[in-house]
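# how would this look folded up:
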Amino acid sequence: MPYQTSLKRRKVNEPLCTLEYSYTGYSTSYESPSSLVEILFQDDSNFFVENYSMSDRSYTLHLMLRKKLNSKRMRHTLTSGDHDGNICMWDIASRTCVKKITNSDIKFGGVLSITEIDQHRFASSGGNGNIKIWNTQTYELNQMLEGHSDWVRAVVAHNKNTLYSGSEDKTIKMWDLGNGTCTRTFVGHSFSINCIALLSRNHIVSGSSDYTLRVWNTFTGECVKVLKGHESAVKGVVSMSESVVVSASSDKTIRVWSVDTGLCLKVIEGHTHAIKGITKLDSVRVATCDDISIRVWNIITGNCIRHFSMSETESVCTIFAIDSIRLAVSSFGKGISILDVGREDTHRTSFIEEKNFACSFALAAL
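As a prediction, this is how the structure comes out:
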């Protein structure tokens, strides 16, 4: 049993939920689910493998995975940005907007990305090419980062001192939040950068309208891998571990990649329209959206485990995972709502019932 040593039992007290996955197939390459399990769970103390079986050539993989959600890390505030450049802080429990920032200088494109830096700050970007750092407590503008020459579609905070941004000017910039300066510019993509995900201390991955993903060494600025396979723009990417990323594209497919080899481990199909976004629920599940539906996927098996169809009067704009069972959904015609992916029905709790929309989601506070 070649993979036994990679599956470790982990003690988790009082698990909040139990996830069960089964897969039967023929083991001939690195694409086997066991290889993904080895990578995904080797450093995740929130999961443990309770049961599995494996043989040398043919295998049946049956995993009982238990996930513990730490109540101290539960998020209570959601931050949204709309096409007019406004930013709203929502209290999830009361479903009320507790603060609205009028960001009227973004005249085109609205707020395209928001990311939490720490408990006291978050960053937003949009159509004016600038990145703004806001104080979560006072809602005042702390800092302005200037350097991009076109829309900034992605911002991701590495820690309280470092921020990455991706722009339609085809560049990625690394920012020192201590002094507000750009410390490195990454050049290589031939079209707009649409998404960025953190991989490790010294590596990030970016997705572009040039159909590719690129893995970057942030210490040297070098592109160390180009991930090719998508047939249209890459709209989103999430990091499942330091060695596995999952991307979503306008070509209607989701791809699971090995960062080490640059190879595509799995192509997942099911969407009937161009995929607009992807968000990570836990170490084995992601959620994706197109105009008319939201789907939850098991990336080990490639199975769609939940499918939510939207009404005829709404069109999904974006989604964001609040935690492993709640999705924030933004749509034309419905506004902002919370979708409980842990329920068998399609229960949604609406925040607003107006036809404006939020371009992006981020969690601004604990």
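# dump the residue contacts of the nearest residue to Gln143 once chain neighbours are set aside.
Distances taken as Cβ to Cβ, 6 or more residues apart in numbering place Ile133 nearest to Gln143, at 3.7 Å, with adjacent residues excluded. In this view, the C-beta of every residue, glycine as well, is placed from N, C-alpha and C. Contact analysis of Ile133 by Cβ atoms under 8 Å, 6 or more residues apart in numbering lists Ile117, Arg121, Phe122, Ala123, Leu141, Asn142, Gln143, Met144, Leu145, Leu177.
# same deal with Lys160?
Ile117, Asp118, Arg121, Leu177.
# Now do the helix or strand encompassing Leu198: distance to the chain's middle.
For Leu198, the element it lies in under DSSP states H and E is strand 193-200. The chain centroid and the centroid of strand 193-200 are separated by 9 Å under Cα atoms, centre = their mean, to the nearest Å.
# That strand - contacts with which helices or strands?
Under the contact criterion of 3 or more Cβ pairs under 8 Å, 6 or more residues apart in numbering; DSSP states H and E, strand 193-200 touches strand 152-157, strand 162-167, strand 171-176, strand 203-208, strand 234-239.
# and those strands as JSON lines, adding mean pLDDT, mean neighbour count and distance to Ile254?
JSON lines is the format used below for the helices and strands packed on strand 193-200 (pLDDT from 0 to 100; neighbours: other Cβ atoms under 10 Å; distance: least, Cβ to Cβ, whole Å):
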{"stretch": "strand 152-157", "mean pLDDT": "95", "mean neighbour count": "24", "distance to Ile254": "18"}
{"stretch": "strand 162-167", "mean pLDDT": "98", "mean neighbour count": "24", "distance to Ile254": "20"}
{"stretch": "strand 171-176", "mean pLDDT": "98", "mean neighbour count": "21", "distance to Ile254": "23"}
{"stretch": "strand 203-208", "mean pLDDT": "98", "mean neighbour count": "24", "distance to Ile254": "12"}
{"stretch": "strand 234-239", "mean pLDDT": "97", "mean neighbour count": "25", "distance to Ile254": "9"}
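# Let me have the ones you listed in a markdown table, extended by distance to Lys99.
Listed next are those as a markdown table, based on distance: least, Cβ to Cβ, whole Å:
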| stretch | distance to Lys99 |
| --- | --- |
| strand 152-157 | 20 |
| strand 162-167 | 22 |
| strand 171-176 | 25 |
| strand 203-208 | 31 |
| strand 234-239 | 27 |
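# closest one to Val98 among those strands?
When the helices and strands packed on strand 193-200 are compared by Cβ to Cβ, strand 152-157 sits nearest Val98, at 21.9 Å.
# what lines up beside the closest one in the sheet?
strand 162-167 (antiparallel) (DSSP bridges).
# Which of the contacts of Ile133 are buried? Put it as a PyMOL command.
The buried subset of the contacts of Ile133, as determined by 16 or more other Cβ atoms under 10 Å, is captured in PyMOL by this line:
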select buried, resi 117+121+122+123+142+143+145+177
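# The contacts of Ile133 in strands, which ones?
Using DSSP state E, the subset of the contacts of Ile133 located in strands is Ile117, Arg121, Phe122, Ala123, Leu141, Asn142, Gln143, Met144, Leu145.
# Show me what the host helix or strand of Arg255 is packed against.
Here Arg255 sits within strand 253-258, counting by DSSP H and E. For strand 253-258, the packing partners by 3+ Cβ pairs under 8 Å, 6+ apart come out as strand 244-249, strand 264-269.
# Not counting its own residues, what contacts the first one?
For strand 244-249, the surrounding residues in contact (Cβ under 8 Å, 6+ apart) are 36, 39-40, 197, 199, 205, 207, 211, 213, 227, 230-240, 254-259, 265, 274-275, 277-278, 280, 286, 288, 299.
# Averaged pLDDT, it. What do you get?
Across strand 244-249, the average pLDDT comes to 97.
# circling back to that earlier point, need the max-distance pair from the contacts of Lys160.
Among these, Asp118 and Leu177 lie farthest apart (Cβ to Cβ), at 9.8 Å.
# hang on, the earlier thing: pull up the pairing partners for the strand holding Arg255, direction included.
strand 244-249 (antiparallel), strand 264-269 (antiparallel).
# Specify the angle between that strand and strand 234-239 in degrees.
40 degrees (axes from the mean of the first three to the mean of the last three Cα atoms, to 10 degrees).
# Verify the stated contact: Asp82 with Ile114.
No. Applying Cβ atoms under 8 Å, one finds Asp82 not in contact with Ile114, separated by 11.0 Å.
# residue ranges with poor pLDDT in the stretch 151-300 of the chain?
The model of the stretch 151-300 of the chain has no residue with pLDDT under 70.
# tell me which residues of stretch 309-327 are tucked away?
Here stretch 309-327 shows 310, 314-322, 324-327 as buried, counting by 16+ other Cβ under 10 Å.
# Nearest to the spatial middle of the protein, which residue is it?
Thr279 (3.5 Å; Cα atoms, centre = their mean).
# who's in contact with that one?
Gly236, Val238, Val286, Ala287, Thr288, Ile319, Phe320, Ala321, Leu327.
# Quick check: it vs Arg285, distance?
Going from Thr279 to Arg285 by Cβ to Cβ, to the nearest Å gives 10 Å.
# And for Gly127?
Relative to Arg285, and taking Cβ to Cβ, Gly127 is found at 32 Å.
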